[in-house]
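Participant: Quick one, fold the following:
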Amino acid sequence: MSLRTLQRYQASGNAPRAVYLALWFESRWGMAALHTQAYNEAQHARAWVASLERECERLRGVIRAYENAQAQPAANAPAYHLV
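Facilitator: Next up is the predicted model:
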């Protein structure tokens with residue numbers, strides 16, 4: 001963007017919305033907002049991964065329980081395993 005274009009925007013007191021947004025993101029407030037959003041998204045991702053890890057551990061426990069149940073057959077198991 002040329003200096004003349006910026007001078008014209010300043011003289012008219014009006015600029016396109018894209019210019020306002022670009023300048024806002026270059027300000028310290030815009031940069032702080034971007035950093036805050038990135039931090040919040042990282043925290044959210046970490047929490048999601050932790051919940052998935054807890055769910056995997058719970059499911060591993062269910063699998064262990066089923067495997068232990070297979071090692072100790074029921075008392076009436078021979079009635080169902082007729083050869």
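Participant: tell me the mean pLDDT for the longest helix that the chain contains?
Facilitator: Longest helix in the chain by number of residues, with DSSP state H as the criterion: helix 28-71. Helix 28-71 shows a mean pLDDT of 93 in the predicted model.
Participant: for that helix, packing partners?
Facilitator: Helices and strands touching helix 28-71, by 3 or more CB pairs under 8 Å, 6 or more residues apart in numbering; DSSP states H and E, are helix 17-26. Yep, even glycine has a C-beta here, placed from its N, CA and C like the rest.
Participant: Which residues in the helix it packs on does the neighbour count mark as buried?
Facilitator: Judged by neighbour count using 16 or more other CB atoms under 10 Å, helix 17-26 contains no buried positions.
Participant: What are the contacting residues of that helix?
Facilitator: Helix 17-26 is contacted from outside by M1, Y9, G30, M31, L34, using CB atoms under 8 Å, 6 or more residues apart in numbering.
Participant: how many degrees apart are it and helix 28-71 in direction?
Facilitator: Counting by axes from the mean of the first three to the mean of the last three CA atoms, to 10 degrees, helix 17-26 points 80 degrees away from the direction of helix 28-71.
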